[in-house]
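In: Predicted coordinates and the sequence they were generated for:
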Amino acid sequence: MWKQFLTKLPRKSSASGKADHASGSSPERNAAGKGSTIQRTSSCPSGGPARAASTVKRMSSAVFPSSVVAGIEPLVSFKDVPSGEKPNLFVSKVSLCCVVFDFSDPNKNSAEKDFKRQALVDLVEYVDSASSRFTEPMVVVCCRMFAINLFRVFPPNYRSNSSGREGEEEEPMFDPAWPHLQLVYDLLLKFIGSSSLDAKMGKKYFDHLFIVKLLELFGSEDPRERDCLKTILHRIYGKFMVHRPFIRKAVSNIFYHFVFETDRHNGIAELLEVFGSVISGFALPLKEEHKIFLWRVLIPLHKPKTLGVYLQQLTYCITQFIEKEPKLASSVILGLLRYWPITNSQKEVMFLSEIEEVLEATNMVEFQKCMAPLFRRIAHCINSSHFQVAERALFMWNNNHIISLVAQNRQVIMPIVIPALEQNSQNHWNQAVLNLTANVKKLLSEMDEELFSACLTRYKDDEEERASAEQRRRLAWERLESVAAFQPVTGNTAVLVSR
């Protein structure tokens, strides 16, 4: 009976392999350690012209090369075969799943799609409950199937690049193939996380090329796919320790490309979320490589205009570094001041929020290294004519830790801040900002009334001196104009033209 069953399992014939090679299909990827070339057979997608992206609203299909499939025979369930035959059945089911369909047309190959879906469901259940080690042929065929189904070309993103402002997020695009892709991603996640997968064997096939192709998928416009990729990348990073330096380098290159070249990428938030967990696991003292990642990658990530899309994840990564090594706090704050937005008020509000979170993790020694330039910038924000910027800068004074830092360094900070508060009281147009300004002035007055009065007096003296200097300058120009008006005009004499 089993011989009859096994004869019905799909096999790769040499004739079909030759025919496929003659048709011009390219290798999917090389099996690491073996040197054998994995090619698309008649049941796998062949190279051909890329299909256009779906024009259905809110749907964006990747370019899937679709096979010409005459039909797929369903395979029996794992529970219907003895344990000794399950690895062979596993390989056969995975081979069946190497067929790629066109999901932009839901009515095309519907029966074959159902067969493949059921095979994927069976594989997920088998991997989830597997107790014996996966054999090398099982690992090889799985890597091949994952590569064929997942690694693909995305259509160009012609949509306008969002400014990253809050409340202006673009409507997400959904891939029509997602119900199928989700099963493949579930299988990949469970396969990598399974205790039946030997890490020493798996690292040969889940190699650098596989990781690079996986990272390229973070460019998908479908947020569901990026969410799956985030979990899978974290699982790969945890399982294959030998690949960790390469993953960090590859992700850094994605960030460099985004910050300094394209200013466009869909998966920055997800990659930063993965790295938030990675950073929390760094051993102390931090390696120089990790500090370079902070200075050359995380700090420059504040430059793009789409900062609002990934600010939360970026702030978490930076605060993790400071919690690991508090000595980094002053260099982080100075780095943020270097990238401070000048003409983008929304980004200024974001920077102020991040500065507050960083200050909460900053100790006194590091705070004193950067407090003067920091509070000069905060004073400038307090005087901003944009009420949200001024309001956010004044809200920082509700933070008890910041107030504690200010109180111990009030001799330096109050002379910087009080003139800005006094200018707000006299000139700002927004009533909410005026009320917050009065509250902060009262707080500083109660902190050190004598110093507050001295700073206020000095501000008034400076304002009087400035007004006096302006008056002297105006009178000097008036005298020059009156003298010039009575001078005779000669060949090279400048002429004052009256209005």
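Out: Yes, it's here. Remember, it's a predicted structure, so these values are computed and weren't measured experimentally.
In: hang on, isn't Y339 packed against I299?
Out: Yes: using C-beta atoms under 8 Å, Y339 is in contact with I299, at 6.8 Å. All C-beta spots, glycine's among them, are computed from the backbone N, C-alpha and C.
In: Who has more neighbours out of these two?
Out: With neighbours defined as other C-beta atoms under 10 Å, Y339 and I299 compare such that I299 has more, 20 against 14.
In: quick one, phi psi at that one?
Out: Geometry field for I299 lists phi and psi as phi -70, psi -50, criterion degrees, to the nearest 10.
In: was I right about S194 contacting S131?
Out: No: with contact defined as C-beta under 8 Å, S194 does not count as touching S131 (10.0 Å).
In: Between the two, point out the one with more neighbours.
Out: Taking other C-beta under 10 Å, S194 and S131 do not tie; S194 has more neighbours (16 against 7).
In: so what's the more buried one closest to, chain neighbours aside?
Out: Here the nearest residue to S194 in space, its sequence neighbours aside, is V127; by C-beta to C-beta, 6 or more residues apart in numbering that works out to 5.6 Å.
In: mind listing what the one you found touches?
Out: In this structure, V127 makes contact with L187, K190, F191, S194, S196, judged by C-beta atoms under 8 Å, 6 or more residues apart in numbering.
In: ok, and the most crowded of the residues you listed?
Out: Scoring these on neighbours with other C-beta under 10 Å, the highest-scoring entry is F191 at 26 neighbours.
In: and it, what pLDDT?
Out: pLDDT, F191: 95.
In: In stretch 420-436, which residues are buried?
Out: Under the neighbour-count criterion of 16 or more other C-beta atoms under 10 Å, stretch 420-436 has A420, L421, E422, Q423, N424, H428, N430, V433, L434, L436 buried.
In: nope, stretch 107-117 is what I was after
Out: Burial within stretch 107-117, assessed by neighbour count using 16+ other C-beta under 10 Å, is assigned to N109, E112, K113, F115, K116.
In: Among the residues you listed, name the ones in helices.
Out: When DSSP state H defines the helices, the subset of the buried residues of stretch 107-117 inside them is E112, K113, F115, K116.
In: residue ranges with poor pLDDT in this protein?
Out: In the predicted model of the chain, residues 1-75, 157-170, 488-499 satisfy pLDDT under 70.
In: now the helices for the stretch 201-350 of the chain?
Out: 208-216, 223-239, 244-257, 268-280, 288-293, 307-324, 329-338, 345-360 (DSSP state H, counting those that start in this stretch).
In: Tell me which other helices or strands the last one touches.
Out: In other words, helix 345-360. Using 3 or more C-beta pairs under 8 Å, 6 or more residues apart in numbering; DSSP states H and E as the contact definition, the elements that helix 345-360 packs against are helix 307-324, helix 329-338, helix 364-382, helix 387-395, helix 400-408.
In: and of those helices, who's closest to V440?
Out: For the helices and strands packed on helix 345-360, proximity to V440 was assessed by C-beta to C-beta; helix 387-395 is nearest, at 5.8 Å.
In: which residues sit in contact with the spatially most central residue of the chain?
Out: By C-alpha atoms, centre = their mean, the chain has its centre lying nearest to I268, at 1.9 Å. Under the criterion of C-beta under 8 Å, 6+ apart, the neighbours of I268 are F255, F258, L301, T306, V309, Y310.
In: same deal with S385?
Out: The neighbours of S385, taking C-beta under 8 Å, 6+ apart as the test, are H428, W429.
In: repeat for V141
Out: Residues near V141 by C-beta under 8 Å, 6+ apart: V91, V94, S95.
In: Kindly indicate which of those lies nearest W477.
Out: W477 has its nearest neighbour among the contacts of V141 in V94, at 86.4 Å by C-beta to C-beta.
In: Am I right that the closest one sits in a strand?
Out: No: per DSSP: H, G, I helix; E, B strand; the rest coil, V94 lies outside any strand segment and is helix.
In: Pull the number of nearby residues for it.
Out: When counting by other C-beta under 10 Å, one arrives at 23 neighbours for V94.
In: Could you measure from it over to V251?
Out: Noted for V94: a distance of 29 Å to V251, by C-beta to C-beta, to the nearest Å.
In: on that earlier part again, would you mind giving the buried residues of stretch 420-436 as JSON lines with distance to F282 added?
Out: As requested, the buried residues of stretch 420-436 are exported to JSON lines (distance: C-beta to C-beta, whole Å):
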{"residue": "A420", "distance to F282": "39"}
{"residue": "L421", "distance to F282": "41"}
{"residue": "E422", "distance to F282": "45"}
{"residue": "Q423", "distance to F282": "44"}
{"residue": "N424", "distance to F282": "43"}
{"residue": "H428", "distance to F282": "44"}
{"residue": "N430", "distance to F282": "44"}
{"residue": "V433", "distance to F282": "41"}
{"residue": "L434", "distance to F282": "46"}
{"residue": "L436", "distance to F282": "39"}
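In: out of those, what pair is the most spread apart?
Out: When the buried residues of stretch 420-436 are compared pair by pair using C-beta to C-beta, the farthest-apart members prove to be E422 and N430, with a separation of 16.2 Å.
In: chain center to stretch 283-298: distance?
Out: For stretch 283-298, the distance from its own C-alpha centre to the chain's C-alpha centre is 18 Å (C-alpha atoms, centre = their mean, to the nearest Å).
In: first to last residue in it, what's the distance?
Out: Taking C-alpha to C-alpha, to the nearest Å, the span from the opening residue of stretch 283-298 to its closing residue is 19 Å.
In: Let the chain start at 651 from now.
Out: That works, and once the first residue is 651, the last one we named lands at stretch 933-948.
In: Can you give me the buried ones in that stretch?
Out: Of the residues in stretch 933-948, those buried under the neighbour-count criterion (16+ other C-beta under 10 Å) are L936, H940, K941, F943, L944, V947, L948.
In: of the residues you listed, closest to D752?
Out: Within the set of the buried residues of stretch 933-948, V947 lies nearest D752; the separation is 38.9 Å, counting by C-beta to C-beta.
In: burial of the spatially closest residue to the closest one that is not a sequence neighbour, as a residue count?
Out: With C-beta to C-beta, 6+ apart as the measure, F905 is the residue that lies nearest to V947, at 4.9 Å, once sequence neighbours are left out. Each residue near F905 was counted by other C-beta under 10 Å, and the total is 20.
In: Same check on S782?
Out: Neighbouring residues of S782 were enumerated by other C-beta under 10 Å; the total is 9.
In: which of the ones in helices among the buried residues of stretch 757-767 lies closest to S1034?
Out: Of all these, S1034 sits closest to K763, with 57.1 Å by C-beta to C-beta.
In: would JSON lines of the helices and strands packed on helix 995-1010 with mean neighbour count and distance to D1112 be doable?
Out: Supplementary listing: the helices and strands packed on helix 995-1010 in JSON lines, determined by neighbours: other C-beta atoms under 10 Å; distance: least, C-beta to C-beta, whole Å:
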{"stretch": "helix 957-974", "mean neighbour count": "20", "distance to D1112": "36"}
{"stretch": "helix 979-988", "mean neighbour count": "19", "distance to D1112": "25"}
{"stretch": "helix 1014-1032", "mean neighbour count": "18", "distance to D1112": "14"}
{"stretch": "helix 1037-1045", "mean neighbour count": "21", "distance to D1112": "21"}
{"stretch": "helix 1050-1058", "mean neighbour count": "15", "distance to D1112": "22"}
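In: before we move on, back to that, would you mind naming the helix or strand containing the residue nearest to S844?
Out: Per DSSP states H and E, V777 falls inside helix 760-779.
In: Show the subsequent helix or strand relative to that helix.
Out: Using DSSP H and E, the helix or strand that directly follows helix 760-779 along the chain is helix 786-800.
In: what's the offset of that next one from the middle of its chain?
Out: With C-alpha atoms, centre = their mean as the basis, helix 786-800 stands 28 Å off its chain's centre.
In: Stretch 780-787 too?
Out: On C-alpha atoms, centre = their mean, the centre of stretch 780-787 falls 35 Å from the chain's centre.
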